[in-house]
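Asker: Sequence first, then the predicted structure:
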Amino acid sequence: GQRSLRQRVVDELKHYYNGFHLLWIDTKVAARMVWRLLHGQVLTRRERRRLLRTCADLFRLVPFLVFVIVPFMEFLLPVFLKLFPEMLPSTFETESKKEEKQRKKLNAKLELAKFLRETIAEMAKRNKADTG
């Protein structure tokens, strides 16, 4: 059913709180990784990806904070997210957005696989015709 305005505001505040909390945790972990890097240790591929994602999130946080701090600017946030979909830090994404992004990636991979399969089949036909 329809939720009340108060419940929607509370849900939105919880979403922002959880996003900032996750970003804080990621930042602490990234700081430890940078400390390890500075002391000559090597990061795994997974750690390196997490460090890069956290740094990118921190750079994305600057324009995002403008929308949170300036009064009534949050009403323009959906417009800017439509224009710049990668502006939102990853810790603030909803599950539906993550699933949609994964679905698009999967569809792109399937299209690429279909194209490669057709290309290989065509090359095999040409090769068979050349030898026959």
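Answerer: Good, I have the coordinates. Computed from a predicted structure; not experimentally measured.
Asker: worst-scoring helix or strand of the chain, pLDDT-wise?
Answerer: When each helix and strand of the chain is scored by mean pLDDT, DSSP states H and E, helix 77-83 comes last, with a mean of 81.
Asker: The next helix or strand after that one packs against which elements?
Answerer: Following helix 77-83 in sequence order, the next helix or strand is helix 95-131 (DSSP states H and E). Contacts defined by 3 or more Cβ pairs under 8 Å, 6 or more residues apart in numbering; DSSP states H and E place helix 95-131 against no helix or strand at all. Bear in mind the C-beta positions are built from the backbone N, C-alpha and C, glycine included.
Asker: Arg36 touches Leu51, doesn't it?
Answerer: No: contact criterion Cβ atoms under 8 Å: Arg36 and Leu51 do not qualify, at 10.0 Å.
Asker: Between those two, point out the one with more neighbours.
Answerer: Leu51 (19 against 13; other Cβ atoms under 10 Å).
Asker: What residues of the strand or helix carrying that one count as buried?
Answerer: Element membership for Leu51 (DSSP H and E) is helix 45-69. Using 16 or more other Cβ atoms under 10 Å as the test for burial, helix 45-69 gives Glu47, Arg50, Leu51, Thr54, Asp57, Arg60, Leu61, Phe64, Phe67.
Asker: Give me the distance between Asn18 and Asp26.
Answerer: The gap separating Asn18 from Asp26 is 12 Å, by Cβ to Cβ, to the nearest Å.
Asker: ok, the two, which is more surrounded?
Answerer: Between Asn18 and Asp26, Asp26 has the larger neighbour count (other Cβ under 10 Å), namely 20 against 12.
Asker: per-residue confidence for the more buried one?
Answerer: Per-residue confidence (pLDDT) for Asp26: 94.
Asker: Need the nearest residue in space to it, chain neighbours excluded.
Answerer: In this structure, Asp26 finds its nearest non-sequential neighbour in Thr54, 4.5 Å apart by Cβ to Cβ, 6 or more residues apart in numbering.
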